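1. sequence-free structure coming up:
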């Protein structure tokens, strides 16, 4: 192992998006040594693509808002499968975490009284999202990045972790390679925080960047951690559908938050036709009331376009399936119509949605201040992930923590828009704090040199195979096609059972994938190594989805279209069985406290 | 249509253009074509990219000699029949194929004095700000760190003033700090002495290439230069400083 560089840290953070950076800042502030490993350059993580805002019940724009309302909204959105302790921590702590960013240099949009402005988003009862136009993710990541570089943290940019290292039952480090050189690094640490984001590259139509290859999910799974609720994969209702090369790129929910409406090819505003029972009391009766809501009238209810993402995505799917879709297989999202209400609507739209204006103008040749956008559902976010303790974010494996999208529990069956950026900073902070405490209270376990060397050799193996057979890009495309077609937005038992042997076959192909070229900055090799992670996560999604025989939140089963009382009481867990196969277990949901029950009741009206 | 892409291939500066032919379909951007070539013909073709939506600034390159984000350059804008040339940014040390070493930008940023806020305005620890007072700093915070402004700046590109001149990206970083109404730090001496703002002779190349349309020269560099001039070269201010009045 002497030829590999060894780095020692109290806390190793894998991932430098919002959760990873916030965790690193917290741990470093507690006086422990912190290393952050990230696959891309600093500041390029998927967080940078988040547009709309971060949810925090500060109550600036509507003083009726508070943590109790946010808690109830989050639980309702998650169909009560959320870990209520996490939902409570999140609702209580997100205002503190958001306001703290201002002290680190973030500049959020303001309201007239000089306080932060908050914006409407789906599933949130009141305007709640602190934001900066439609580039909130950039503001978050840049603030954390610029603050973090002065905190004495060691950053390892463009390093990809391929395996975790264990000593007995606990995690003691990681092995990774430097992308520019192909050299291997060994990280020896007392605690490891996974903050690797999601799994979206398992799907053909996705809003996710190349990095979203389920690394944290699979790393955790392979060292024996539980993965929770992997069937719940969110399809964002509004991705671009045209031209083909931009298919999947996100159109922020803020378009609807600012008054954008959904229409079919008959020009009908179809969202009024299907309002779920538990939202009837909180939804506008007609377009006029919906408009009053988005323009700040506190007596009005939200328009149906701002119902939860799973519901909106399914309504769009239905319109398309029943022949009322747009020319390229989506529906129309129209913000230009607000000119009926606002005299200078073009300037208004450009100011509120500058990123969207440019994105459509430059990539689709559409001026959104004049014409409707064509949009459709795109794979966006996984609610499922590493099962963690609500308070500490530690997984079921000692020394291994997870935060952000690769952790699970906060969002239940469906995530509300804006709850992701706040999740990152609330649970990033908690993971950093408790990982640092764990590091202070535990001595460092020994590194097993043979395990480390085995990990290096396993990673190098594809480079030594003769270059015949399918390359990693072909296997990845086949995986994406399989998951998109068989375990997508509408699910059926037969189709998912058909997916399982296909995944086995893909795993076999991935194990022998040949790679041409050397280890230095070789995307073909990098993707070949990511395939194992993507296939692990795909299998977890598929098995969990087969196991949940009901429709709830982000999971829609055509063969079980209703919610079931039985499945209302359980979360899904998958883990690596002793025989090497994936095991599935349904575990009782975390019960609500009496106070939490009372809050949910009081917020139902 | 079938289009020829001449892509720079090689390691650490040594290399040559390789020509690949690929089908360009409707709406494709240059990054789509490069990734298509990678998937179908050259799996080890090194290219840095993340979001493919103009938000992360990773895929900067020189397309037909012009610095561009590959993800925001539509193939239909280019004279495809003549072929498309794609090269790495020329100013940075070359790593491999289209990827360069941009670590200079990260190192320089560490040297800039961080944000230092004034005391909160309200007892709850929050501040009060008017939107019109933060519009300018927000303009600079739109920067996606694609480093194309750095890449085209002749002070770095032709005169190699690395270590003496931080460059336009870092000037707008300083500007957003200096123009943040909450900030109390003073960076003018650093700007003049260490950061080399005097080297900028306002050719506006940086502004021209900015994919975020930030008015780097007019709104950031010139006002910073003016502040430096007011501080260090205004004779009246100098006199007042000598007798202990003003900063």
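-> Great, that's in hand. Small disclaimer: the values here were computed from a predicted structure and weren't measured.

2. if you skip the residues just before and after it, what's nearest to residue 150?
-> Defaulting to chain A. residue B:114 (4.8 Å; C-beta to C-beta, 6 or more residues apart in numbering or on different chains). Every C-beta, even on glycine, is put in place using the N, C-alpha and C of the backbone.

3. The intended chain is chain B.
-> residue B:167 (4.3 Å).

4. Tell me, what's the model's pLDDT at the one you found?
-> Note for residue B:167: predicted pLDDT of 98.

5. isn't the residue nearest to residue A:150 right next to residue A:146, touching?
-> Yes - in terms of C-beta atoms under 8 Å, residue B:114 counts as a neighbour of residue A:146; the distance is 7.0 Å.

6. Any idea how far stretch A:213-223 is from the middle of the chain?
-> 15 Å (C-alpha atoms, centre = their mean, to the nearest Å).

7. is it up against chain B anywhere?
-> No - taking C-beta under 8 Å from any C-beta of the partner chain as the criterion, stretch A:213-223 and chain B are apart, separated by no less than 12.6 Å.

8. hmm, who's touching that stretch?
-> For stretch A:213-223, contacts defined as C-beta atoms under 8 Å, 6 or more residues apart in numbering or on different chains pick out A:14-15, A:39, A:160-161, A:163-164, A:166, A:171, A:174, A:194-199, A:201-202, A:227, A:230, A:382, A:385-386, A:395, A:397, A:400, A:402, A:406, A:530, A:532-534, A:536-537, A:540, A:574-576.

9. what's the burial count for residue B:2?
-> 8 (other C-beta atoms under 10 Å in any protein chain shown).

10. Which residues are in contact with it?
-> B:21, B:22, B:23, B:24.

11. helix or strand for the closest residue to residue A:440 other than its chain neighbours, which one?
-> In this structure, residue A:440 finds its nearest non-sequential neighbour in residue A:32, 6.6 Å apart by C-beta to C-beta, 6+ apart. Residue A:32 is part of no helix or strand, with elements assigned from DSSP states H and E.

12. can you check residue A:101 too?
-> Per DSSP H and E: helix A:84-102 holds residue A:101.

13. State the number of residues packed around the residue of chain B found nearest chain A.
-> Closest to chain A within chain B is residue B:27: 2.1 Å, counting by C-beta to the nearest C-beta. Other residues within reach of residue B:27, judged by other C-beta under 10 Å, total 19.

14. what about the closest residue to it other than its chain neighbours, neighbour count?
-> Spatial nearest neighbour of residue B:27, excluding adjacent residues (C-beta to C-beta, 6+ apart): residue A:243 at 2.1 Å. Neighbourhood size, residue A:243 [other C-beta under 10 Å]: 20.

15. try residue B:235
-> Around residue B:235 there are 7 residues (other C-beta under 10 Å).

16. Report the set of residues contacting both of residue B:114 and residue A:146.
-> If you check residue B:114 and residue A:146 against C-beta under 8 Å, 6+ apart, the residues they both contact are residue A:105.

17. Those two: which is more packed in?
-> residue A:146 (23 against 16).
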